[in-house]
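Asker: Kindly return the folded structure for what I paste below:
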Amino acid sequence: MLSKQKVFTLGLQHVLAMYAGAVIVPLIVGGALKLNGTQMAYLIAADLFTCGLATLLQIMGTKYFGSGLPVILGCTFTAVGPIIAIASTHNLATAYGAIIISGLFVVLGAPLYGKLLKFFPTIVTGSVVTIIGLSLIPVAMNNVAGGEGSADFGQPRNLLLALITLLVILAVNRFATGFLRSISVLVGLVVGTAIAYGMGIVNFSTVGDASWVSIAQPFYFGWPEFSLTAIFTMIIVNIVSMVESTGVYFAVGKVIDQKVEQKQIVNGLRSEGVAIMLGGIFNAFPYTAFSQNVGLISLSRIKTRNVIFAAGGIMIVLGLLPKLAALTTIVPNAVLGGAMIVMFGSVAVSGISILSDVDLRKDGNLLIAACSIAVGLGSATLPAMFAELPEFARMLLQNGIVSGSLTAIVLNIFLSKTKDDVQVEDNTVPVLAKESQVS
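Answerer: Numbering: from 1, shown residues only. Predicted coordinates:
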């Protein structure tokens, strides 16, 4: 049984692992829309606050809401372009009106989506989880180099910091035992940041500029307005997120050695729909299951939901106390990149492990896996190839997880010779035969 202090520390590790991915969305959107400093600070605080609420909704696991899986929710990057476009064409109130309605669509559409899970047999889920891990690796490498667009991109000091962070994580995993081993990523981040501070890289100015308290206010940017085009656009965004979240549920199921039932996925997506509506109400963002944290669960070997409860509570507090939230931003990109290498690689290996249970010599399974992984990874690393397509097609195809998933599903339908190959028995997704409880 973990003590409260250990649960808090493990929860903080999860928050640090996903923090960069969570705050980059408000930073990009706010910058593109030329929001002032006060508005930007609110946007980040509201996003963190709603991330925490969304995560708690997901982890609770009631009769109709919440998957009960140790999943953390964060704002989806897929929504960045559409939100900027809607706000530029209309205004932010229209963007948030579309987010609210699209969240309602997810809540109501989740049961219908659940019926489509028969098209997610093991060959498809294994391919999707592998794509999730592989498509995140370029993100890790960009951070290793200092962060895309940074002035010191590719500088040797960034590569050195990433290497030191990675080596510390590996050393703790190899030589430490018990609780210290489970927080190897946090230890790596602390050591890497301390060394970066000695090199003069760590900047505390954002901490000094941040306010002490910020309360998320409903409709901060005005009462929601509605446009059919904007609503349809955000619905497409959230359909993409539903597919992405499904892959994350599969990945988590593999990591915690638990079958993922159809009902869990439906309830999880319902919770995401509620979280999206909250994002619209508090003027934050649409939310989806974060794949960044799947690898961390695998590394820490801690599967208890209490840790994710703690992570959700920490994010709520960070959203209410911007100065404390700013303190977590001092971790340099290169240090985060070093930690991401092992976390994201772990997700890819989980997918490969799922595929190892599949006979790749049977009924085109090799072609299904090969083509879907190639398409998914290609879309993730070279999204510009779809730049000339209509906007709705770009949203679908520039997301490697979605394009790879659709490829796997379609090929499975056409290449599988028997009806059973495209069905899931007993309303479960065959992630593993072995089942275990998550406390």
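Asker: Buried ones in the helix or strand V349 falls within, by neighbour count?
Answerer: Using DSSP states H and E, V349 maps to helix 333-355. Judged by neighbour count using 16 or more other Cβ atoms under 10 Å, the buried positions of helix 333-355 are 333-351, 354-355. The way it works is simple: take the backbone N, C-alpha and C, and place the C-beta from them, glycine included.
Asker: after it comes which helix or strand?
Answerer: helix 365-381.
Asker: What is that next one packed up against?
Answerer: Helix 365-381 sits against helix 122-144, helix 400-415, with contacts defined as 3 or more Cβ pairs under 8 Å, 6 or more residues apart in numbering; DSSP states H and E.
Asker: Now do the contacts for the residue nearest to L161 when sequence neighbours are not counted.
Answerer: Excluding its sequence neighbours, the residue lying closest to L161 (Cβ to Cβ, 6 or more residues apart in numbering) is A334, at 4.1 Å. Contacts for A334 were tallied using Cβ atoms under 8 Å, 6 or more residues apart in numbering; they are 143-147, 157-159, 161-162, 165, 192, 196.
Asker: Of these - the most surrounded one?
Answerer: T165 (32 neighbours; other Cβ atoms under 10 Å).
Asker: Report the separation between the closest residue to that residue other than its chain neighbours and S350.
Answerer: Once flanking residues are discounted, T165 sits nearest to G338: 3.0 Å by Cβ to Cβ, 6+ apart. G338 sits 20 Å away from S350, going by Cβ to Cβ, to the nearest Å.
Asker: ditto for Y19
Answerer: Taking Cβ to Cβ, one finds Y19 at 22 Å from S350.
Asker: T125 too?
Answerer: 11 Å.
Asker: S3 too?
Answerer: 28 Å.
Asker: try F386
Answerer: Distance from F386 to S350, by Cβ to Cβ: 28 Å.
Asker: what residue ranges in the stretch 1-150 of the chain are flagged as low confidence?
Answerer: For the stretch 1-150 of the chain, applying pLDDT under 70 flags the ranges 20-21, 24, 27-28, 31-32, 37, 81.
Asker: mind checking which helix or strand the closest residue to I281 other than its chain neighbours is in?
Answerer: Distances taken as Cβ to Cβ, 6+ apart place P218 nearest to I281, at 5.1 Å, with adjacent residues excluded. Assessed by DSSP H and E, P218 sits outside every helix and strand.
Asker: right, and P218 touches G279 too?
Answerer: No. Using Cβ atoms under 8 Å, P218 is not in contact with G279; the gap is 11.5 Å.
Asker: ok, those two, which is more surrounded?
Answerer: G279 (28 against 12).
Asker: got the contact list for the more buried one?
Answerer: Taking Cβ under 8 Å, 6+ apart, one finds T50, A54, C75, I99, G103, F285, P286, Y287 in contact with G279.
Asker: how does it look with 10 Å?
Answerer: G279 sits next to 46-47, 50-51, 53-54, 73, 75-76, 79, 96, 99-100, 102-103, 285-287 when contact means Cβ atoms under 10 Å, 6 or more residues apart in numbering.
Asker: just I265 next, same as before
Answerer: 67, 69, 110, 113-114, 117, 120, 242, 245-246, 249-250, 253, 427, 429.
Asker: Next: G312.
Answerer: With Cβ under 10 Å, 6+ apart, G312 has these contacts: 11, 14-15, 51-60, 72-73.
Asker: Now stretch 204-218: average pLDDT?
Answerer: The pLDDT scores in stretch 204-218 average 71.
Asker: Now the terminal residues of it, how far apart.
Answerer: 30 Å (Cα to Cα, to the nearest Å).
Asker: now stretch 360-368
Answerer: 9 Å.
Asker: got a list of contacts for that stretch?
Answerer: By Cβ under 10 Å, 6+ apart, stretch 360-368 touches 121-124, 126-127, 355, 358-359, 369-371, 407-418, 421.
Asker: can you tell me the average pLDDT over it?
Answerer: For stretch 360-368, the per-residue pLDDT averages 83.
Asker: How far does it sit from its chain's centre?
Answerer: 29 Å (Cα atoms, centre = their mean, to the nearest Å).
Asker: What residues sit buried inside it?
Answerer: Those would be G364, N365, L366, I368, for stretch 360-368 by 16+ other Cβ under 10 Å.
Asker: Same question for stretch 295-304.
Answerer: By neighbour count on 16+ other Cβ under 10 Å, the buried set for stretch 295-304 is G295, L296, I297, S298, L299, S300, I302, K303, T304.
Asker: quick one: the helix holding V349 to helix 365-381, angle?
Answerer: The directions of helix 333-355 and helix 365-381 differ by 160 degrees, with axes from the mean of the first three to the mean of the last three Cα atoms, to 10 degrees as the criterion.
Asker: Measure how far stretch 247-258 is from the centre of its chain, please.
Answerer: On Cα atoms, centre = their mean, the centre of stretch 247-258 falls 14 Å from that of its chain.
Asker: about what we covered before: which among the contacts of I265 gets closest to I132?
Answerer: F250 (8.8 Å; Cβ to Cβ).
Asker: quick one on the thing from earlier: please identify which pair of the contacts of G312 lies farthest apart.
Answerer: V15 and M60 (18.5 Å).
Asker: The stretch 51-200 of the chain: helices as residue ranges?
Answerer: 80-89, 92-115, 122-144, 156-175, 178-182, 184-198 (DSSP state H, counting those that start in this stretch).
Asker: hey, which of those helices is tucked in deepest?
Answerer: Mean neighbour count (mean count of other Cβ atoms under 10 Å) peaks for helix 122-144 among the helices of the stretch 51-200 of the chain, with a mean of 24.
Asker: Having no further points to raise, I will conclude here.
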